[in-house]
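**Q** With the sequence up front, the predicted model follows.
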Amino acid sequence: MVGDQYCSVADDGDACFNLYRDGDSLIWEDPNSHARFPSNVIQGKAVPW
């Protein structure tokens with residue numbers, strides 16, 4: 001996390017998103033296209049990938 005932006009580092013390039021919260025929802029926004037992707041915060045342990 002850098003401020004309100006989440007960045008991940010991968011072999012094929014970095015990806016950063018602006019994060020916004022609306023109640024139990026997190027909104028991920030692409031800072032270049034401004035496309036928004038909603039997600040929900042749920043209680044419990046992280047889901048393994």
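**A** Looks like it came in fine. A quick note: this is a predicted structure, and the numbers were derived from the prediction, not measured.

**Q** Check the gap between the most centrally placed residue in the chain and residue 43 for me.
**A** Central residue check for the chain by C-alpha atoms, centre = their mean: the C-alpha nearest the mean position is that of residue 28, 4.4 Å away. The gap separating residue 28 from residue 43 is 20 Å, by C-beta to C-beta, to the nearest Å. Bear in mind the C-beta positions are built from the backbone N, C-alpha and C, glycine included.

**Q** sorry, back to before: who does the strand or helix carrying the residue nearest to the centre of the chain touch, helix- and strand-wise?
**A** With elements taken from DSSP states H and E, the one containing residue 28 is strand 25-29. Taking 3 or more C-beta pairs under 8 Å, 6 or more residues apart in numbering; DSSP states H and E as contact, the helices and strands that strand 25-29 lies on are strand 13-22, strand 36-40.

**Q** go with 10 Å
**A** Packing contacts for strand 25-29, counted by 3 or more C-beta pairs under 10 Å, 6 or more residues apart in numbering; DSSP states H and E, involve strand 5-10, strand 13-22, strand 36-40.

**Q** Direction included, what does that strand pair against?
**A** The partner list of strand 25-29 in its sheet, established with DSSP bridges, is strand 13-22 (antiparallel), strand 36-40 (antiparallel).

**Q** need the contact list for residue 8.
**A** Under the criterion of C-beta atoms under 10 Å, 6 or more residues apart in numbering, the neighbours of residue 8 are 14, 15, 16, 17.

**Q** actually residue 36, not the one I wrote
**A** Contacts for residue 36 (C-beta under 10 Å, 6+ apart) come out as 17, 18, 20, 27, 28, 29, 30.

**Q** Quick check, pLDDT for residue 28.
**A** For residue 28, the model assigns a pLDDT of 93.

**Q** before we move on, back to that, just give me the closest of the contacts of residue 8 to residue 39.
**A** residue 17 (10.6 Å; C-beta to C-beta).
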